[in-house]
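>>> just coords:
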Ligand SMILES: Nc1ncnc2c1ncn2[C@@H]1O[C@H](COP(=O)(O)OP(=O)(O)OP(=O)(O)O)[C@@H](O)[C@H]1O
């Protein structure tokens, strides 16, 4: 059965007007498939693994809900502290992520402060951390260095993102990552983002995530021309009632956990 589906728009996702204005300035008229699936789940506070190819819009899929949560928290927060930590495996990726998030939060003025620990010299990093920014982007090694030097604490951490998780251990970060985990507070939301689900991703998942939703955006490999239009989102979760509730809410599927989404008109087919 193929059924036309009304897609969820950015303005239907309970995102702040300031974020919607920034999205509009970026020229994004509608969410990508992975954003449409991930943003509502993340705004609900679920732990999520996002597996999607390069260029599918993964950064905004985790960054938009993360920025929204910071705006929500700041309405009542008494003290300024680090709410979100994004770990990325390289300096270049940390820089890219900071720039992208700054664009997404541009209309929030100075309300949300984002720093990238990979760029500055040590003194500048310490100074930036002493001001308790809302979002810290870092490699695992750099954040561990500062945690061990007591230059920051993660007691208010609400969201932890591990971007390019398949590469997180690749630069010899495995040891650092395991030590870093000891500094995490007891409760936080975790997001793991990866182009592939490797053994490393499975290992990190077991360390930092609790009953995560797994969103996989896949395209068929060798297929007839018409099927090239189709992408597949597979949603997995251990807790069946929760997954059915979330999927119905997302209007993705009714009852099945694999759908093919036509990336042009976004009609979907259950399998
Ligand atoms: N909803 C959207 N509409 C149009 N363009 C978008 C949208 N979301 C993101 N983009 C743009 O798509 C490009 C790819 O996005 P992004 O870098 O987040 O992809 P990615 O999946 O994280 O890829 P990578 O694995 O390379 O990091 C960026 O230039 C970004 O600005």
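Arrived safely. The model shown is predicted, which means the values in this text are computed figures rather than measured ones.

>>> which parts of the stretch 101-250 of the chain are strands?
Secondary structure of the stretch 101-250 of the chain by DSSP state E, counting those that start in this stretch: the strands cover 114-116, 135-138, 159-162, 189-194, 213-218, 230-236.

>>> how about the ones you listed in TSV, adding mean pLDDT?
Below are the strands of the stretch 101-250 of the chain laid out as TSV (pLDDT from 0 to 100):
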stretch	mean pLDDT
strand 114-116	95
strand 135-138	96
strand 159-162	95
strand 189-194	93
strand 213-218	80
strand 230-236	53
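
>>> okay, the ones you listed in CSV with distance to residue 94 and mean neighbour count next?
C-beta: built from backbone N, CA, C; applies to glycine. Shown next, in CSV, are the strands of the stretch 101-250 of the chain (distance: least, Cβ to Cβ, whole Å; neighbours: other Cβ atoms under 10 Å):
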stretch, distance to residue 94, mean neighbour count
strand 114-116, 5, 24
strand 135-138, 5, 27
strand 159-162, 12, 24
strand 189-194, 14, 24
strand 213-218, 23, 20
strand 230-236, 28, 18
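
>>> pipe these into a markdown table and attach distance to the ligand per row.
What follows is these, written out as a markdown table (distance: least, Cβ to the nearest ligand atom, whole Å):
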| stretch | distance to the ligand |
| --- | --- |
| strand 114-116 | 15 |
| strand 135-138 | 13 |
| strand 159-162 | 11 |
| strand 189-194 | 7 |
| strand 213-218 | 9 |
| strand 230-236 | 13 |
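
>>> what does the stretch 1-150 of the chain have sitting close to the ligand?
Residues of the stretch 1-150 of the chain that fall close to the ligand, judged by Cβ under 6 Å from any ligand atom: 28, 31-32, 35, 52, 54-60.

>>> going through those residues, which ones are buried?
The neighbour count (16 or more other Cβ atoms under 10 Å) marks 31-32, 35, 52, 56-60 as buried among these.

>>> follow-up on the earlier one: so which of the strands of the stretch 101-250 of the chain comes closest to residue 128?
Counting by Cβ to Cβ, residue 128 lies closest to strand 114-116 out of the strands of the stretch 101-250 of the chain; the figure is 4.5 Å.

>>> quick one: low-confidence parts of the stretch 1-150 of the chain?
Applying pLDDT under 70 to the stretch 1-150 of the chain flags residues 1-6.

>>> rerun that using 80 as the cut-off
1-7, 77-78, 119-120 (pLDDT under 80).

>>> now the strands of the stretch 101-250 of the chain in a markdown table, with distance to residue 177?
Converted to a markdown table, these look like this (distance: least, Cβ to Cβ, whole Å):
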| stretch | distance to residue 177 |
| --- | --- |
| strand 114-116 | 19 |
| strand 135-138 | 12 |
| strand 159-162 | 8 |
| strand 189-194 | 12 |
| strand 213-218 | 20 |
| strand 230-236 | 24 |
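
>>> residue 214 touches residue 49, doesn't it?
Yes: when contacts are counted by Cβ atoms under 8 Å, residue 214 is listed as touching residue 49 (4.5 Å).

>>> in the stretch 101-250 of the chain, what residue lies closest to the ligand?
Scanning the stretch 101-250 of the chain for proximity to the ligand using Cβ to the nearest ligand atom identifies residue 195 as nearest, at 5.9 Å.

>>> what does the pLDDT read for that residue?
The model reports residue 195 with a pLDDT of 84.

>>> for it, what are its contacts?
51-54, 164, 166 (Cβ atoms under 8 Å, 6 or more residues apart in numbering).

>>> narrow the residues of the stretch 1-150 of the chain next to the ligand to those in strands?
Among those, no member is found in strands (DSSP state E).

>>> for my notes, confirm residue 93 occurs in a helix.
Yes: counting by DSSP: H, G, I helix; E, B strand; the rest coil, residue 93 is found in a helix.

>>> my guess is residue 133 contacts residue 110. True?
No: using Cβ under 8 Å as the test, residue 133 is too far from residue 110 to be in contact (11.1 Å).

>>> run through the residues that contact residue 161.
Counting by Cβ under 8 Å, 6+ apart, residue 161 makes contact with 62, 66, 84-87, 190-193.
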